[in-house]
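Enquirer: Just a sequence and a predicted model for now, questions to come.
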Amino acid sequence: MHASLFQPIRLGAIEAPNRILMAPLTRGRSDSGSIPNAMMTEYYRQRASAGLIISEATGISREGLGWPAAPGIWNEAQTDGWKGVTEAVHDAGGRIVLQLWHMGRLVHPDFLDGMAPVSASVTTGPDHAHTPTGRKPYEPARAATLDDIARIIDDYGNAAHNAKLAGFDGVQLHGANGYLIDQFLRGSTNLRDDDYGGSAENRTRLLRLVLERLVSIWGKDRVSVRLSPNGDSQGCDDPDPATLFAAAARVCQDIGLGFVELRQPGPLGTFGRTDVPQQDAVIREIYTGPLVLNADYTADAADADVSSGRCDAVSFGRPFISNPDLPLRIRTGAEWSPNVDAPRSWYLPGPAGYIDYPALEPVA
C-alpha cells in the first residue's frame, strides 16, 4: 500500500529507507537551561522508523530562543544532552538532522532580561508570545546592525559545529514560519534600504550567508532548509512571493543543498485555508535537488504527490505525535491514532501526550 512512499531516497548524503519524513515539531519538553533530557531521547527513539527525523526547532543562541522549555544547541551541556538523542535514534536504525532556529522578533523581552529582540527592521509580531509567566503581547524589535548580522551568522556556525559534536546526520536551517530568516525574506517585515533589503536578491542575502556558513562546517549534502512560501506566517508576508521564492530557490540551487522542505498549503489547505497560492512549482523549476512538502497530508495524498513527481518526499508533523510508528501504519493500512487532548498536550510538561502513545501490536 502506498508503494511510492516506501521507495528509498537519497537526501544529499543521507540514505533514507522511505519517503515518510518526520517534520520539525516544537514540544517544549527540555530541562532548565534548554537542555535535552531522557524523555526527549525516548520520544525521538520511538519515531526512528521515519525515513528521516527533522528535529524540533532548536535555539542557536539565548538571543534567538523565545519558547518555554524549547531546547538549545549553543553550549556544551545542551550538546551533551542531544548526544543521547542521536545515539538512541541511530541505535534504533534511524537518521536525524537538527533544525537550527532563531526566532527574531518573536522572542519576547522576558527571555532577554528586558532587552528588545532583533529582527530585519523595527516591527512587532502579531498576537501574543508564550512566556514562562503566561501569554504576553509581542514588543517592538530593533533592526539588526551589520555587527549583529555578523554575530548571528557566527551563532549559526557555532550551533552547527555543536550539532556535529552531538552526532546528528546534518542540519536544517529554519527559514520559515515568520522567524528571523523569514523576517529578512519578506517585504512586510524587511524594510531595510541596505544590502539586506529592497530587491528579492538582497532580502535573500542573509539566507545565503547562513547556508554558506553551515556548508563550510557540514558540506552541502548534509545541509537543508525549510521555507514557507505560502502567504502570511506570523505576520510575515510578501506582495510578490513568486519572485521572492524564485530568488530563494536560486540560492538553494547555487549552493547545492541536500534537500529543501516547504511548508505548503496541501490537500486539506493550511490550517483549513485553500485560498493560498502554492509556490512549490516555482521552486521546483529552479531547485533540482530533492523537494520535500509538508502540509495537512493524508497517506493517499502524500502517495499521489510523490507518484506524480510534485515532490520527492513528504514530511508529516502532527500525525507523528500520536503515531510513533507512522510508516508501519501507512504500510499496513492501519488506522492513525488521534491526537488526544490536542493541542493542549502538545506543549505540556511531562510524558502525557508525548511518549505515551502506543505503537501497533506486532503483526502476525
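Expert: Now that the structure is in, tell me what you want to look at.

Enquirer: Quick check, M115 in contact with P109.
Expert: Yes. With contact defined as Cβ atoms under 8 Å, M115 and P109 form a contacting pair (6.0 Å). For glycine as for every other residue, the C-beta is placed from the backbone atoms N, C-alpha and C.

Enquirer: Neighbour count: those two, which is higher?
Expert: For M115 versus P109, the count of surrounding residues by other Cβ atoms under 10 Å is larger for P109: 18 against 11.

Enquirer: And the pLDDT at the spatially closest residue to G178 that is not a sequence neighbour?
Expert: Nearest residue to G178, sequence neighbours excluded (Cβ to Cβ, 6 or more residues apart in numbering): Q234, at 2.9 Å. Looking at Q234, its pLDDT is 94.

Enquirer: Please name the residues that touch G197.
Expert: By Cβ atoms under 8 Å, 6 or more residues apart in numbering, G197 lies in contact with 120-121, 190-191, 203.

Enquirer: typo on my end, G81
Expert: Listed by Cβ under 8 Å, 6+ apart, the contact set of G81 reads 30-31, 35-37, 40, 71.

Enquirer: Can you tell me which of these is closest to D147?
Expert: Using Cβ to Cβ, P71 comes nearest to D147 of the contacts of G81, at 27.2 Å.

Enquirer: rewinding a little: show the buried residues in the contacts of G81.
Expert: Neighbour-count burial (16 or more other Cβ atoms under 10 Å) is assigned, among the contacts of G81, to 30-31, 35-37, 40, 71.

Enquirer: Where do the strands of the stretch 251-364 of the chain begin and end?
Expert: Per DSSP state E, counting those that start in this stretch, the stretch 251-364 of the chain carries strands over the ranges 259-263, 291-294, 313-316.

Enquirer: in its sheet, what does the first one sit against?
Expert: Think strand 259-263. Counting by DSSP bridges, the strands paired with strand 259-263 are strand 223-227 (parallel), strand 291-294 (parallel).

Enquirer: Pick the most buried one from these.
Expert: Among the strands paired with strand 259-263, ranked by average contacts under mean count of other Cβ atoms under 10 Å, first place goes to strand 223-227 (a mean of 28).

Enquirer: what bits of the protein have low per-residue confidence?
Expert: 265-277, 340-341, 362-364 (pLDDT under 70).

Enquirer: From what I see, the residue nearest to G178 and H128 are in contact.
Expert: No. Using Cβ under 8 Å, Q234 makes no contact with H128, being 11.2 Å away.

Enquirer: more crowded one of those two?
Expert: Counted by other Cβ under 10 Å, Q234 and H128 do not tie: Q234 has more neighbours, with 21 against 12.

Enquirer: Please name the residues that touch the more buried one.
Expert: Residues near Q234 by Cβ under 8 Å, 6+ apart: 106, 125-127, 177-179.

Enquirer: ditto for A23
Expert: 54, 261, 294, 315-317, 320.

Enquirer: Please repeat the previous calculation with a cut-off of 6 Å.
Expert: Counting by Cβ atoms under 6 Å, 6 or more residues apart in numbering, A23 touches 294, 315, 317.

Enquirer: Could you export the residues you listed to JSON lines, including columns for distance to I149?
Expert: Listed next are the contacts of A23 as JSON lines, based on distance: Cβ to Cβ, whole Å:
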{"residue": "N294", "distance to I149": "28"}
{"residue": "S315", "distance to I149": "29"}
{"residue": "G317", "distance to I149": "30"}
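
Enquirer: Show me which of these is closest to A16.
Expert: Nearest to A16 among those: S315, at 11.2 Å, using Cβ to Cβ.

Enquirer: Please work out how many residues are found near that closest one.
Expert: There are 27 residues near S315, going by other Cβ under 10 Å.

Enquirer: Across the sheet, point out what pairs with it.
Expert: When bridges are called by DSSP bridges, S315 pairs up with L21.

Enquirer: Settle this for me: it is touching V292, isn't it.
Expert: Yes. When contacts are counted by Cβ atoms under 6 Å, S315 is listed as touching V292 (5.4 Å).

Enquirer: Going by residue numbers, what spans are helices in the stretch 251-364 of the chain?
Expert: For the stretch 251-364 of the chain, helices defined by DSSP state H, counting those that start in this stretch occupy the ranges 280-286, 299-308, 318-322, 326-332.

Enquirer: Identify whichever of those lies nearest to G350.
Expert: Among those, the nearest to G350 by Cβ to Cβ is helix 318-322 (14.7 Å).

Enquirer: Can you give me every residue that contacts I181?
Expert: Counting by Cβ under 6 Å, 6+ apart, I181 makes contact with 175, 207.

Enquirer: From N158, how far off is A120?
Expert: To N158, A120 is 21 Å away according to Cβ to Cβ, to the nearest Å.

Enquirer: same question, F259
Expert: 24 Å.

Enquirer: again with S121
Expert: From S121 to N158 the distance is 25 Å (Cβ to Cβ).

Enquirer: what does V171 give?
Expert: Separation of V171 from N158 (Cβ to Cβ): 12 Å.

Enquirer: Looking at these two, which one has more neighbours?
Expert: A count of neighbours by other Cβ under 10 Å puts V171 above the other of V171 and N158, at 28 against 17.

Enquirer: Any chance of the backbone angles for that one?
Expert: The phi and psi values for V171, taken as degrees, to the nearest 10, are phi -130, psi 150.

Enquirer: That one contacts N162, doesn't it?
Expert: No. The criterion here is Cβ under 6 Å, and V171 misses it with N162 at 10.0 Å.

Enquirer: what's the neighbour count on N339?
Expert: Residues lying near N339 (other Cβ under 10 Å) number 17.

Enquirer: Please list all residues in contact with it.
Expert: Neighbouring residues of N339 by Cβ under 6 Å, 6+ apart: 321-322.
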